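In: I'll drop the sequence and a predicted model, then ask my questions.
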Amino acid sequence: MKKTVALLFFFNWVLCFCQNDSTSFENPPFWAKEIIWYQIFVERFYNGDPSNDPAPEDINVPPLNRTAPPGWKITPWEHDWYGQEDWAKTDGRSFYENIQYRRFGGDLQGVLDKLDYLEELGITGLYFNPINDAPSLHKYDARYYHHVDVNFGPDPEGDKKIIESENPADPSTWKWTSADKLFLKVISEAHKRRMKVIMDFSWNHTGVMFWAWQDILKKQAASAFKDWYEIISFDDPSTSNNEFKYKGWNNVRSMPEIKKSNIKTERINGKPYDGDINPGAKEHIFSVTKRWMAPDGNIDYGIDGFRLDVADQIGLEFWSDYRKFVRTINPQSYLVGEIWWENWPDVFMNPVPYLGNIFDAVMFYHVYRPARYFFAETDFPIAAQQLKDSLEFQWNRVNRENLYSMMNTSSTHDAPRLLTDFNNKNKYKYKDLPRDDSLYKTGKPGADTYARVRLYLVHLFTTIGSPQIWNGEEMGMWGADDPDCRKPLWWDDFKFNPETRSNYQPGAKQYDSVGFNHAHFSFYKKLISIRKSNPALSTGRIEFLTAQSSSLSYRRYDDTSEVFVLFNVNDKEENFMVDGDGSFIELLTGKIMKGRNIKVDPRSALILKPIIEN
């Protein structure tokens with residue numbers, strides 16, 4: 001059987017390699033330059049199957065493993081985000097403590113139900129936040145890496161029994177639960193729609209309910225997995241005290257850190273270092289990776305890559321080995337790392353050491369921050385020339401293949417939504433919650449903010465790198481940083497309760513009507529269509545033409561076509577000069593424009609394509 005599987009992997013490898021023999025080991029897959037990423041947070045995406053909704057006994061809030069408060073129920077999808085549920089009003093905890101207990105019932109059936117919607121939008125890549133079995137909302141505290149969360153599938157109780165029948169340390173005993181099988185169906189249906197699928201995992205830490213950690217808690221130093229983690233001291237049974245101490249990631253007790261090994265260079269937070277992880281944990285991670293990439297040995301049924309959480313916390317030796325392993329399974333797979341802060345909130349990490357022989361891309365927040373400071377009205381304004389310089393600095397240190405495959409990240413589960421980020425003047429990712437700044441605006445933005453966000457969106461879909469959409473942005477959702485960016489999505493088939501504009505704080509309340517914004521959706525859909533219809537926007541070169549004050553323009557071009565993109569961030573009309581003396585079609589509106597002198601309205605952008613005369 002093992003020989004058969006090994007041969008199958010080999011033939012799959014050859015087949016994939018022959019599909020595009022120009023994809024060398026150090027380069028991203030051919031498809032990564034043309035992808036439109038859509039990030040899905042399943043629990044808040046759509047409830048397609050209310051029968052699998054979590055019950056009170058499923059709720060466990062780390063690090064103290066608190067169970068559901070008395071009277072706990074699933075929160076209605078239409079609930080006012082800043083309104084307190086009845087069970088939350090009586091338990092004495094703060095708003096942001098109680099919000100971690102909320103569940104709305106989103107599941108994988110909900111994803112299946114909305115794949116046609118995503119296809120209509122134009123999405124070609126799905127990036128799933130963690131769906132591994134875990135007690136928390138965020139699920140970075142895995143209970144099992146190799147299973148989908150039981151409440152995301154159709155039979156939670158049956159799946160628990162299947163999991164209990166396995167030996168999690170022995171992959172030969174692993175079975176497919178109903179939740180696992182439903183995710184495989186999601187992959188299949190996504191592939192039918194020509195969408196790639198990647199999963200989000202953290203190989204840096206697990207949760208306290210992870211099967212190996214539970215074995216350590218029971219057996220202490222006698223556990224076969226005691227070397228998997230950064231254990232400081234085990235409990236001494238001869239004393240009445242509990243001497244058990246360990247290292248949690250970022251000092252978070254609910255996420256015990258997997259033990260690092262073979263560290264050859266100094267480990268400094270926010271800097272790359274050379275090192276590996278515990279061999280037993282590494283072998284388990286590789287088995288989990290193979291399971292999701294090639295279910296039952298077939299890559300056609302598996303995912304297309306991974307988004308890797310807090311990747312800077314793991315040494316480069318591990319990541320180098322990981323890439324080699326992943327590419328032996330599927331040479332067209334894609335790895336994107338979360339490489340973010342060297343020194344929060346001012347200095348980003350240098351992504352270069354993580355590209356090529358490590359990852360295909362990183363989440364490129366690096367190009368969003370200067371764009372925000374240019375397009376939004378903030379206390380940190382920059383002019384067009386500064387934006388150009390900032391972008392070119394980031395681009396010039398990344399080789400071309402990786403640069404064009406970068407995940408251009410704007411908003412995520414870890415950051416404010418675009419409309420709210422543009423509606424506040426604070427420094428990027430600093431005091432962007434109402435609990436940190438009482439003046440932080442959480443409600444519906446004004447018309448100028450919408451206009452500025454749409455300018456940025458034109459830039460996002462016409463610049464170098466792959467656009468990424470945090471689920472719900474295309475619906476016009478707003479929200480502060482985590483957890484306020486994780487509201488249930490505003491689907492058009494719901495009638496939502498008005499949302500408290502002045503959030504959870506005391507005082508007179510004002511309310512905003514919330515719901516699906518069709519105009520915003522149409523704008524996203526149009527931009528995606530423009531990008532997909534003009535290959536120069538995905539793979540072409542870029543040339544800046546204007547970078548003065550509030551005026552920016554550039555040209556995207558390849559050997560057969562070109563597109564001009566013009567931005568006027570000012571509040572008055574601006575003139576731009578465009579090469580050529582023919583005619584252009586403005587791709588956002590379909591209007592024909594003639595001549596080289598192009599007028600751009602205030603707070604507006606144009607995407608111009610020359611009309612070729614026969």
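Out: Great, that's in hand.
In: May I have the residues that are in contact with Ser553?
Out: Going by Cβ atoms under 8 Å, 6 or more residues apart in numbering, Ser553 touches 544-547, 564-567, 576, 578. Placement of C-beta: from N, CA and C, glycine included.
In: for the stretch 301-450 of the chain, which spans come out with low pLDDT?
Out: Applying pLDDT under 70 to the stretch 301-450 of the chain picks out no residues at all.
In: and if you look at the stretch 1-150 of the chain?
Out: 1-22, 62-65.
In: Walking through it, point out its helices one by one.
Out: Counting by DSSP state H, counting those that start in this stretch, the stretch 1-150 of the chain has helices at residues 2-19, 86-89, 95-98, 108-113, 115-121.
In: ok so, going back, mind checking which of the contacts of Ser553 land in strands?
Out: 544-547, 564-567, 576 (DSSP state E).
In: quick one, phi psi at Gly158?
Out: Main-chain torsions, Gly158, degrees, to the nearest 10: phi -60, psi -40.
In: Pretty sure it sits against Ser178.
Out: Yes - in this structure, Gly158 is within contact of Ser178 by Cβ atoms under 8 Å, at 6.3 Å.
In: Next one: the residue of the chain positioned farthest from its centre relative to Lys226, how far apart?
Out: Residue farthest from the centre of the chain, counting by Cα atoms, centre = their mean, is Ser238 at 47.2 Å. To Lys226, Ser238 is 19 Å away according to Cβ to Cβ, to the nearest Å.
In: now do Asp215
Out: 9 Å.
In: Asp137 is in contact with Gly106, isn't it?
Out: Slight slip there: residue 137 is Leu, not Asp. No - the criterion here is Cβ under 8 Å, and Leu137 misses it with Gly106 at 10.3 Å.
In: Low-confidence stretches in the stretch 501-614 of the chain?
Out: Ranges of the stretch 501-614 of the chain meeting pLDDT under 70: 614.
In: Mind jotting down where the helices sit in it?
Out: 518-533, 536-539.
In: how about those in CSV, adding distance to Asp321?
Out: Output for these, formatted as CSV (distance: least, Cβ to Cβ, whole Å):
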stretch, distance to Asp321
helix 518-533, 35
helix 536-539, 31
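In: looking at those, which is buried most?
Out: Of all the helices of the stretch 501-614 of the chain, helix 536-539 carries the top mean neighbour count, a mean of 20, counting by mean count of other Cβ atoms under 10 Å.
In: what's the domain layout of this structure?
Out: For the chain, the structural domains run 2-209+266-527, 211-257, 540-610, going by automatic domain parsing.
In: so of the ones you listed, which one's packed in deepest?
Out: By mean count of other Cβ under 10 Å, the domains of the chain have domain 2-209+266-527 as the most buried, with a mean of 19.
In: any idea how far it is from the chain center?
Out: 3 Å (Cα atoms, centre = their mean, to the nearest Å).
In: go on, stretch 236-249?
Out: 36 Å.
In: likewise stretch 567-576?
Out: 33 Å.
In: which residues are in contact with it?
Out: 374-375, 384, 452, 455, 458-459, 545-546, 549-553, 566, 597-605.
In: please redo it, this time with the cut-off set to 10 Å
Out: 374-377, 381, 383-384, 387, 448, 451-452, 455-456, 458-459, 462, 545-546, 548-554, 564, 566, 596-606, 608 (Cβ atoms under 10 Å, 6 or more residues apart in numbering).
In: I'd like the domains of the chain laid out as CSV, including distance to Ser533.
Out: As requested, the domains of the chain are arranged in CSV below (distance: least, Cβ to Cβ, whole Å):
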stretch, distance to Ser533
domain 2-209+266-527, 10
domain 211-257, 43
domain 540-610, 8
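In: which one of those domains lies closest to Asn534?
Out: domain 540-610 (5.5 Å; Cβ to Cβ).
In: so Glu342 sits in a strand?
Out: Yes - residue state for Glu342 (DSSP: H, G, I helix; E, B strand; the rest coil) corresponds to a strand.
In: Hmm, His366 and it touching each other?
Out: No - applying Cβ atoms under 10 Å as the test, Glu342 and His366 come out as separate, 11.0 Å apart.
In: shared neighbours, the two?
Out: With Cβ under 10 Å, 6+ apart, Glu342 and His366 have common neighbours 348-350.
In: Which one of the residues you listed is nearest to Gly270?
Out: Using Cβ to Cβ, those come closest to Gly270 at Met349, 5.8 Å.
In: Run through the residues that contact that closest one.
Out: 270-272, 311-312, 337-343, 362, 365-366.
In: among those, which two are most distant?
Out: Gly337 and Asn343 (18.4 Å).
In: my guess is Ile285 contacts Trp319, does it?
Out: No - with contact defined as Cβ under 10 Å, Ile285 does not count as touching Trp319 (11.5 Å).
In: Not counting sequence-adjacent ones, nearest residue to Asp155?
Out: For Asp155, ignoring the flanking residues on the chain, the nearest one in space by Cβ to Cβ, 6 or more residues apart in numbering is Ser178 at 4.3 Å.
In: these two touch, right, the one you found and Asn151?
Out: No - in this structure Ser178 lies outside contact range of Asn151 using Cβ under 10 Å: 11.3 Å.
In: Find residues that contact each of these two.
Out: 52, 159.
In: Nothing else from me, thank you.
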